[in-house]
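Peer 1: okay, structure incoming, though there's no sequence with it:
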């Protein structure tokens, strides 16, 4: 490509205005070599210039000008279209409108997320400067609502069944509000839902069996509500569920078979009863946390339970368990066990000392008797030990009171001898001798 410039015979620049144009290399070579005086500097954005009066190139100039204008017009049109055209699927918009309509207006504070949900603006349009400033997230193409995460603003009202129209929803988090009524069965239509969090509201009634049809669900948290009734027998159908928290409700009945994908089980402070059956925990090789305290479970805790391969933390306190069987593990990640405030009889299991990572053990306020296993005082990983409130007798292992022992907790309120009152471990004081004699059939504590 060459640049061709035309100058007057006198070498002076013509008065006509220069206009940029592309001239082919062939045409430039046909003109032959030409010598011109040094022209004035070009505009930095122009590649080359020709005289406006050159009639040979005027049609090309007009074409280029029209082409540039058409491109600019398309860009402007696209910008206006993107800013004003409704992108969100109409059914999603309708679902959001129904969702907001089910919330009591008096509970929607001016500063809250829901107050910014003004449907004169498309919910998924960006940027969100004044409307839909928080509470929802949309897909990359701005056509579908994929997440609703409300702020804890004290919203009251019900959860509309119309939420089921948001079929691309992956997260529904309405925690720490004052929503009430039943959890709608229509949630089962949310086939892409992964996280359902309704924690700390006032939902009541049973957990809908229909929810167990959501195969994609990974986390279900409806703790701190007023749910009642028993758990659905189809809980095992939640094949992707890793975290289940229904603590602090009024759930009754027994534990059904649980999904094998579960890693965290929390059902604290309900009214669950019956035995812990192996059939409920079959295949739970990933289960790490079990929180079943403050229920009404009974019977013995069998040896298979503490051999679940991934178990790390167990809280079965404040139930009515009566027995405990512990086998030595071949390998275990168990770190913390709380079996306090039950009705467990028998001796303190020596085999707890065989769990290599165990650092916290509570067997307080049961009906255990006999001596404290010597191996407990030799276990270096053990940092917290609560055996108070039983009928343990004999001498407290001296290893607990050596300078290197870092164990805290309590051995008090037992029938122990030689438990130094100067040690915090021996508080509160031991039971009166008369009570200990009665516990051991009238025989003095030994």
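Peer 2: That came in fine, so what should we check first? Computed from a prediction, not measured in an experiment: that's the story for all the values here.
Peer 1: all helices of the stretch 151-300 of the chain, in order?
Peer 2: Listed in chain order, the helices of the stretch 151-300 of the chain (DSSP state H, counting those that start in this stretch) span residues 278-281.
Peer 1: quick one: low-confidence residue ranges for it.
Peer 2: Applying pLDDT under 70 to the stretch 151-300 of the chain flags no residue at all.
Peer 1: which stretches of it form strands?
Peer 2: 156-157, 171-173, 178-182, 195-197, 202-205, 219-221, 226-230, 243-245, 250-253, 264-266, 271-274, 289-291, 296-301 (DSSP state E, counting those that start in this stretch).
Peer 1: right, and those - which one's nearest residue 122?
Peer 2: Of all the strands of the stretch 151-300 of the chain, strand 171-173 sits nearest to residue 122, with 20.6 Å by C-beta to C-beta. C-beta coordinates here come from the backbone N, C-alpha and C atoms, glycine included.
Peer 1: within the sheet, what are the partner strands of that closest one, with directions?
Peer 2: Strand pairing for strand 171-173, determined by DSSP bridges: strand 145-149 (parallel), strand 195-197 (parallel).
Peer 1: what does the shortest one contact?
Peer 2: Put plainly, it is strand 195-197. Residues from elsewhere that reach strand 195-197 (C-beta atoms under 8 Å, 6 or more residues apart in numbering): 170-175, 187, 211, 214, 217-222.
Peer 1: cutoff 6 Å now
Peer 2: For strand 195-197, contacts defined as C-beta atoms under 6 Å, 6 or more residues apart in numbering pick out 171, 172, 173, 175, 219, 220, 221.
Peer 1: want to throw these into JSON lines with neighbour count and distance to residue 256?
Peer 2: Shown next, in JSON lines, are those (neighbours: other C-beta atoms under 10 Å; distance: C-beta to C-beta, whole Å):
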{"residue": "171", "neighbour count": "16", "distance to residue 256": "26"}
{"residue": "172", "neighbour count": "20", "distance to residue 256": "24"}
{"residue": "173", "neighbour count": "18", "distance to residue 256": "26"}
{"residue": "175", "neighbour count": "18", "distance to residue 256": "25"}
{"residue": "219", "neighbour count": "18", "distance to residue 256": "19"}
{"residue": "220", "neighbour count": "23", "distance to residue 256": "14"}
{"residue": "221", "neighbour count": "19", "distance to residue 256": "18"}
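Peer 1: which among the residues you listed gets closest to residue 155?
Peer 2: residue 175 (10.8 Å).
Peer 1: would you list the strands paired with strand 171-173 in CSV and tack on distance to residue 387 and mean neighbour count?
Peer 2: Output for the strands paired with strand 171-173, formatted as CSV (distance: least, C-beta to C-beta, whole Å; neighbours: other C-beta atoms under 10 Å):
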stretch, distance to residue 387, mean neighbour count
strand 145-149, 45, 20
strand 195-197, 38, 20
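Peer 1: of the ones you listed, which is nearest residue 166?
Peer 2: strand 145-149 (5.2 Å).
Peer 1: surely residue 290 is in contact with residue 314?
Peer 2: Yes: under the criterion of C-beta atoms under 6 Å, residue 290 makes contact with residue 314 at 5.0 Å.
Peer 1: I'd assumed residue 91 was in a helix, is it?
Peer 2: Yes: looking at residue 91 with DSSP: H, G, I helix; E, B strand; the rest coil, it is inside a helix.
Peer 1: run a quick neighbour tally on the closest residue to it other than its chain neighbours.
Peer 2: Using C-beta to C-beta, 6 or more residues apart in numbering and skipping residues adjacent in sequence, the residue nearest residue 91 is residue 165, 4.9 Å away. Using other C-beta atoms under 10 Å, residue 165 has 22 neighbouring residues.
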